Every structure is written in structure tokens, then in C-alpha cells.
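Visitor: Prediction below, plus the sequence it came from.
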There are 2 protein chains.
Amino acid sequence: MFTKSTYPIEYLKDFVTKVFIHLGLNEEDASLASDVLGASDLRGIESHGVARLHTYFDMLKTGRINPTPKIKIIRESATTATIDGDNGLGLIVGPKSNKIAMEKAIKFGTGWVSVSNTNHFGIAGYYVLEALKLNLIGWAMTNSTKLVTPLWGKERMLGTNPISIAFPGKEEPPIVIDMATCTAAYGKIEMAKRNNDQIPKGWAIDSNGSETEDPNKMVDGGALLPLGSNRERGGHKGYCLAVMVDVLSCVLSGANWGPFAPPFALQQEIPKRSVGKGIGHFFGAMKIDAFIEVDEFKSQIDDYVRTFRSTNPQSGTNGPLIPGDPEREAEEFRLKNGIPLIESVITELRDISNQTGIPFD
Amino acid sequence: MFTKSTYPIEYLKDFVTKVFIHLGLNEEDASLASDVLGASDLRGIESHGVARLHTYFDMLKTGRINPTPKIKIIRESATTATIDGDNGLGLIVGPKSNKIAMEKAIKFGTGWVSVSNTNHFGIAGYYVLEALKLNLIGWAMTNSTKLVTPLWGKERMLGTNPISIAFPGKEEPPIVIDMATCTAAYGKIEMAKRNNDQIPKGWAIDSNGSETEDPNKMVDGGALLPLGSNRERGGHKGYCLAVMVDVLSCVLSGANWGPFAPPFALQQEIPKRSVGKGIGHFFGAMKIDAFIEVDEFKSQIDDYVRTFRSTNPQSGTNGPLIPGDPEREAEEFRLKNGIPLIESVITELRDISNQTGIPFD
């Protein structure tokens, strides 16, 4: 049985689907969006799952996000497409754009899709896992609302701009990379703030541009630091990666890049200038057998995974993980034992329940 | 006039071309290889330029690298190719493979090439600059001889595995990203060792797996740390990026990945196991107008560059750079003022001169 704060994934997904239908999405889209959110909670990335439902709810309810987008291909070649998401939920525009990339890959070897006029798309990992099901190497990137300073800056100019890519194994589980290009997730800052904890050096600066260990000082006008933190430790590299994601997702598609990405939530400030439409995503898909026999590739990935698992471990650790291990283990556990939700998230879901009349226990 | 230790780029390139011809390369290949090495010295990445000529010289002279490779496409689709470099110099195999990616992009929108049986290819930035000349967004990656530990490991398992990508501007210079996926370059460790300096925390571990500030302890059986250094600062992300480069360059092409990458230089240990042929590269090219009007893209990049240059600067800095700024400034300066070479590199070039009879002053 589930404790009071733990819910079966199907229960949560059913609630989310009903909420999205209530907000005007058709059944198919509502179920798709619920799948994407659910994948996040299953894989233990709690910040991107139902914890975000109230924000989507607010944005849809106030008309800031379009519940019935007409997604359009505005430019196309055999292996590329540029998509206008018609200001739909990223949870809908993302999977549909990713599907176009995958279809192109199956036909022409590779497919590459840049998307504008969209909104936050959940976890990047969702998209590359979809590609894995078709023996494709999937890529997914997105920009997001500004939180990160470029190296040597002292203001928020970039999103946490994640990169995701996955490679299938044969007997071993796949290698699944899904990483923000900043040092630490904003969710970790929020958690430290809630718990009155300090944050480690290298995560954030305050509004004066000085490194801070006080999460409140990051939240109040400070910024996250790019992966690498400072010049000495390669902070310019994290900044470069964030720029790469930004250009592929936004400049290539005609979306708002850098500090001009529109806000994720109602209460966030709207940027003074707009340089495009919505935020942007970038999806890629590569057919493995366009390069090498699928079986040979997968056998080599098995060897790769086993080789890296047997790396001599650093003292105090069990040795290197394979990218994707923690999320896969979370998924196995949570499928069986349910999704643990913290009290504040449950309160938000109950509020949605009260506003919509959709039951939530 | 040039001081004793400063040489005009054309003088160095002419010497390099003659040396490669002496070693059995045809004139065209020798000149191409010299261009790639020269680009490195011009752009201020001294570790990858003529400082490496003696190593290439040794490897060619002893037959460890093939001076007359027959580069073969072993699998191909409209937008992809898998290439066997026939154990040629990476400085030859790299540009020729990159050209195939670019030709496919011009015809079909994008081109993606994975290369096995090759050797170190100089700076990754060279390849994406070639793509820029054709209004293409170029990607280049390569694995390299093991130097880097995965997070929570204590041994060398991965190369410094760089990622490079570039985006053209209209009036502004291009954004050129070229970064190793470890925290600090091995060349910086070598320099600290030579100068009896300490290295910063976060760069390296010793042979026991403990973080060290002594460059000698990294060199003697230690390892470089991935970008992010440790778990708290996101070292798992640098490790993920190195794996991504490794799989795209090697598993996809049939090259030696991870700890099995063959040595770069004669005196390095040969791995006990081989899982493929040579090292591997990965090249991509994307036609901008497959996604968006070239002029619109370039105007947006101009806006991007200007916006990021006007970021509020962190105290003690002049504010964020644009990726590629330092290398472009080095190139402008060095074209005019020559390439400064340190004494040990000059000694190596003189040794080659003595062995070949090709004059070097």
C-alpha cells in the first residue's frame, strides 16, 4: 500500500490527463502531456514532474499558453524541419517535433528539427528515450527562462539549457545522458533555501556577482554559475555549451534566445525585448545502421558499459556510474512503490482539484 | 622583424610541408596537414601546433602512421558516412572526412560522418572554421589517448575528447566553440610541472585517486578530472560529455573507445586490448538555410554577440567574452607578428632539420 504522500504513477497520470482536458486540450494531447510529466516523476527528476502542474495550469487558464496549438512546419528539407509550435505546451509540441525528427531519420538516415514558439518541454531525457525505442540515437536540447550568468558576467543571461543524448545497449541498459549546462539545478537552490541550508561554493553568485553560499542571495537577484563555475575550473566551457544549446534551439528556429526567453511561470517578469517567438527546442535523431550494424553497435555499448563499470573506484565511492543509472533505478523503484510527493506539491494538486472538481485524494 | 624565437607562419608551414613530403606524403596532403597544424599555432593553441611535429615525425618514420592512406567510405546514406582512415595522419583524414560531411550538407541539408582508423587531428576548431566558409554550421569531435578519469574513478579511462561547433555572424565575428571536456588541458599540467608550479584544485587526481595540486603526481599515474571536477560541482556532467564524444566518434565508426585509444606518441604504452581501429572522429555539418534564411540567422547572431558583450561584468573582469574571441585575437596578432616558439619546441624542429636535411633557422 502507498503511504499518504506516495501515489501510484497511473493515479497521478490519470489526474494530470483530466486536468489538461479540463483546460481545453484534446484527449490525445492531454494523455501525451501527462506521459511526459509522468516520465519525469518516474525517473526521480521531481522538479520537472507534477510539481510543475500548477504552473502549467495557471499558464493555460490565463491564456498564456495555447491549449489547442496548430503545430506547423515552416521550412523543411529531407532531413531538417523548422517548426512553429503555435505557443502550445512544450509537453505537446516537444513530442510531436521529436517524432518528425525520428521519422526523417528512419527515411533518410538522420533528422534534425529546430522549434520556436513553444514552452517548457519537461525532461530532455524523455525525448531520447523515445528515440531508443526505434533504435535511433536521439538528441534533445532546449533553452529556458534565464537563470545562469555567462562566465565573468553578474546577471542572468542564459537558461539551464540541457543536453540529452542516448545510446542503446544489447544486454546492458542504454547510456542515457541528460544534463543541464549549469553547475547545479535551480531546484537544489530552492531546496537549500527551504531547509535553511548553505549551498556549496561554485554553484551561484549573488546580485553583486560574488560567489555565495547563501541560497537566498542567489534567489534574490543572483544567478547560477555555468558548469565549471569559474575560469580556473573551466566555467567558460559550461558557458559555451549553454550558448550552443541556445543557438541550435532558438536562433536556428526563430525563438527567443538568452535573456529574452519568456517566463516559465505567471509571476515571473516578462523580458523587455522579444527577439523571436516563445522558447526553442532542438531535436536530432540518427539511425544507427546508417553508420554501423545495429547489433555490432549494441554489443560495443555493452562492452563499453561493462568496461566503465569496472573502472578502479575512487576511495569512498562504488566507482563510476553509467549515465542514466540513477534515473533507471528510480524508475524501477517508483513503478513498484509509487511516486513520493512532498506536502507542498500535494497542496498544489489539491488546489487544482478544488478549482476543477477533478478528485485528488 | 621577428625575434629569434618568433617565426612567420608561412615559414613554419613551409617547413612542416617539406617535412611531411620527406616522410612520404604527397604534396597536396603535406600542404593540407601543414595548414591544420598552422591553424593551431595561429590561433594560440600552441600545444596542438608545430610543438607536435616531432611526435608525428616519429610515428610516420617508424611506420606507426601510414603516410599514404587510402581513405574509404565503408557505409553511406544520403546524409551519413562511416569512414576508414587507413591509419593515416588525422591531419589528412580529418579534413577529408569533414569535407564529405560538408558536401552532404550542401546537397541534403545536413551531413554526419563518423571516422575510424585515424590518428590525432589537430584542433577541432579547424574543422568548424572550414564549415563556416560555406555558410554551414560545423561540428567536430574526436576521442584521444586516455588521460581523464570518469567521476568516482581513479584511473585514466577517457581522452580529453573535445567538442567544437561554430555559428557565423554577419558584421560580428562568428561564435566558435572549441573545448575539451575535461577541466584543464594536459598542456597546462605540463607547463606547471616545467615551472615547478602547483596546479589548482579540481584539475587532477594522483595515482591514489586523491585530488592533487602537484602536477608531478598527475603525470606519474594520476589522471585529469572531467569538467566539473567533483560530484558537488557537476563532474558527472563532464564525464557524460566525454562519453558522448567517445561513442559518436568511436562506437559509431568502429574505432577504439575509452581506455583502448592507441597512444599518440611512440613512448606511450600500447593498450592491452583493442576494440576497433585507431582512434575516431565525428563531424557534422548543417546548412543554415535548411532551417532559416541565412541573412536572418546571421543578423540574429550579431544581436546575440552584442547582447552578450553588454552583459553586466563581474567585478575584476571586462565582462563575458564571446566563444572564439581569444583565438581570433591571437590569430590577428600572430599573422602580423609571427608565432612565438619556446626553446624546447625549436630544439625539436632543429632535430628534425638535422635528421632530414630540411633547413630550419
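Guide: Right, received. Where do you want to start?
Visitor: Next, the residue nearest in space to the middle of chain A: phi, psi?
Guide: Nearest residue to the geometric centre of chain A (CA atoms, centre = their mean): residue A:123, 2.7 Å. Torsion angles at residue A:123 (phi, psi; degrees, to the nearest 10) stand at phi -90, psi 140.
Visitor: That one reaches residue A:40, doesn't it?
Guide: Yes - if you go by CB atoms under 8 Å, residue A:123 and residue A:40 touch, sitting 4.6 Å apart. Every C-beta, even on glycine, is put in place using the N, C-alpha and C of the backbone.
Visitor: which residues touch the residue nearest to the centre of chain A?
Guide: By CB atoms under 8 Å, 6 or more residues apart in numbering or on different chains, the contact set of residue A:123 is A:36, A:39-40, A:43, A:45, A:48, A:164, A:178.
Visitor: residues near the nearest residue to residue A:234 once chain neighbours are set aside, how many?
Guide: Nearest non-adjacent residue to residue A:234, counting by CB to CB, 6 or more residues apart in numbering or on different chains: residue A:228, 3.5 Å away. Using other CB atoms under 10 Å in any protein chain shown, residue A:228 has 32 other residues around it.
Visitor: you'd agree residue A:350 is in a helix?
Guide: Yes - under DSSP: H, G, I helix; E, B strand; the rest coil, residue A:350 falls within a helix.
Visitor: what does the model give it for pLDDT?
Guide: Each residue has a pLDDT score; the one for residue A:350 is 97.
Visitor: Kindly report the same for residue A:2.
Guide: Residue-level pLDDT assigned to residue A:2 equals 46.
Visitor: What residues of the helix or strand in which residue A:98 is found count as buried?
Guide: Per DSSP states H and E: residue A:98 is located in helix A:90-108. Buried residues in helix A:90-108, defined by neighbour count with 16 or more other CB atoms under 10 Å in any protein chain shown: A:90-102, A:104-105, A:108.
Visitor: Likewise for stretch A:221-230?
Guide: A:222-230.
Visitor: what separates stretch A:244-256 from the chain centre, distance-wise?
Guide: 16 Å (CA atoms, centre = their mean, to the nearest Å).
Visitor: And chain B, is it touching that?
Guide: Yes - using CB under 8 Å from any CB of the partner chain, stretch A:244-256 reaches chain B at A:244, A:246-247, A:251-254.
Visitor: thinking again about what came up before, which member of the buried residues of helix A:90-108 is positioned nearest chain B?
Guide: residue A:108 (5.6 Å; CB to the nearest CB).
Visitor: these two touch, right, residue A:8 and residue A:338?
Guide: Yes - applying CB under 8 Å, one finds residue A:8 in contact with residue A:338, separated by 5.2 Å.
Visitor: The two: which has the busier surroundings?
Guide: Counted by other CB under 10 Å, residue A:8 and residue A:338 do not tie: residue A:338 has more neighbours, with 20 against 15.
Visitor: Report the residue spans of chain A with pLDDT below the cut-off.
Guide: A:1-4 (pLDDT under 70).
Visitor: can you list the domain ranges for it.
Guide: A:1-68+A:331-361, A:69-143+A:154-179+A:237-309 (automatic domain parsing).
Visitor: out of the buried residues of helix A:90-108, which touch chain B?
Guide: Among the buried residues of helix A:90-108, chain B is touched by residue A:108 when using CB under 8 Å from any CB.
Visitor: Farthest-apart pair in the buried residues of helix A:90-108, please.
Guide: A:91 and A:108 (27.1 Å; CB to CB).
Visitor: So which bits of stretch A:272-279 are buried?
Guide: A:275-279.
Visitor: Tell me if I'm right that residue A:53 and residue A:37 touch.
Guide: Yes - under the criterion of CB under 8 Å, residue A:53 makes contact with residue A:37 at 6.9 Å.
Visitor: who's more crowded, the two?
Guide: Comparing residue A:53 with residue A:37 by other CB under 10 Å, the one with more neighbours is residue A:37, at 27 against 21.
Visitor: Does the more buried one touch residue A:54 like I think?
Guide: No - contact between residue A:37 and residue A:54 fails when scored by CB under 8 Å: they sit 11.8 Å apart.
Visitor: tell me the helices in the stretch 101-250 of chain A, going along the chain?
Guide: A:124-132, A:186-194, A:215-219, A:235-246 (DSSP state H, counting those that start in this stretch).
Visitor: Now do the shared contacts for residue A:123 and residue A:40.
Guide: Joint contacts of residue A:123 and residue A:40 (CB under 8 Å, 6+ apart) are residue A:48.
Visitor: What residues does the stretch 51-200 of chain A have near chain B?
Guide: Counting by CB under 8 Å from any CB, the stretch 51-200 of chain A sits next to chain B at A:75, A:77-80, A:82, A:108-110, A:112, A:114, A:137, A:149-155, A:157, A:163, A:165, A:167, A:175, A:177, A:179-184, A:200.
Visitor: All good on my end, thank you.
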